[in-house]
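Novice: coordinates only, sequence not included:
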């Protein structure tokens with residue numbers, strides 16, 4: 001199934017690192033319950049565009065998102081919770097973004113937003129995407145073409161949120 005605006009988040013689990021417990025399973029509908037969320041999907045932790053542009057943009061504009069009524073920002077990657085925790089430390093995420101691992105690519109396969117990088121030794125990854133979720137319902141969904149980073153950056157998503165407020 002491909003994701004569509006107006007649909008509910010699928011009932012899949014992702015994994016988040018907890019200092020005391022290690023990887024903790026989190027169900028997407030539970031995480032989004034009664035919240036406005038901006039979620040980004042990245043091909044992988046520590047990869048150039050993800051580390052130098054995509055996630056840092058959301059960190060830099062964190063307060064702008066909060067001022068627009070966003071409760072949380074999520075970063076979803078086909079990496080395990082340990083790798084995402086190390087990446088969060090490296091980028092000084094400091095709790096501004098929830099780092100959610102889809103280590104087996106189950107979520108991105110169900111969403112039909114996979115990027116096959118097997119030929120480059122990276123396996124199946126996530127397409128680069130951004131979505132706005134309101135109480136579990138996807139209100140906006142943006143997906144990049146492979147190798148592109150033009151529509152899912154923080155500034156573009158902030159413009160979408162601004163348009164919602166101006167309406």
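Specialist: Alright, I've got the coordinates. In this text, all values refer to a predicted model and were calculated from it rather than measured experimentally. Numbers count the residues shown, from 1 in each chain.
Novice: Spit out the contact partners of residue 126.
Specialist: Residue 126 is in contact with 41, 42, 43, 76, 77, 78, 102, 105, 108, 113, 114, 115, counting by C-beta atoms under 8 Å, 6 or more residues apart in numbering. For glycine as for every other residue, the C-beta is placed from the backbone atoms N, C-alpha and C.
Novice: Just those: which are in helices?
Specialist: Counting by DSSP state H, the part of the contacts of residue 126 found in helices is residue 108.
Novice: Just the buried subset of the contacts of residue 126, please.
Specialist: Taking 16 or more other C-beta atoms under 10 Å as the criterion, what is buried in those is 41, 42, 43, 76, 77, 78, 102, 105, 108, 113, 114, 115.
Novice: Low-confidence stretches in the chain?
Specialist: For the chain, the stretches with pLDDT under 70 are 1-3, 167.
Novice: Who are the contact partners of the residue most central in space within it?
Specialist: Nearest to the mean C-alpha position of the chain, by C-alpha atoms, centre = their mean, lies residue 40 at 2.6 Å. Neighbour list for residue 40: 54, 55, 58, 73, 74, 75, 76, 128, 129, 130, 152 [criterion: C-beta under 8 Å, 6+ apart].
Novice: JSON lines for those residues, including distance to residue 48 and secondary structure?
Specialist: Listed next are those as JSON lines, based on distance: C-beta to C-beta, whole Å; DSSP: H, G, I helix; E, B strand; the rest coil:
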{"residue": "54", "distance to residue 48": "10", "secondary structure": "helix"}
{"residue": "55", "distance to residue 48": "12", "secondary structure": "helix"}
{"residue": "58", "distance to residue 48": "16", "secondary structure": "helix"}
{"residue": "73", "distance to residue 48": "21", "secondary structure": "strand"}
{"residue": "74", "distance to residue 48": "21", "secondary structure": "strand"}
{"residue": "75", "distance to residue 48": "16", "secondary structure": "strand"}
{"residue": "76", "distance to residue 48": "18", "secondary structure": "strand"}
{"residue": "128", "distance to residue 48": "12", "secondary structure": "coil"}
{"residue": "129", "distance to residue 48": "18", "secondary structure": "strand"}
{"residue": "130", "distance to residue 48": "18", "secondary structure": "strand"}
{"residue": "152", "distance to residue 48": "15", "secondary structure": "coil"}
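Novice: Drop anything exposed from those.
Specialist: Buried members of the contacts of residue 40, counted by 16+ other C-beta under 10 Å: 54, 55, 58, 73, 74, 75, 76, 128, 129, 130, 152.
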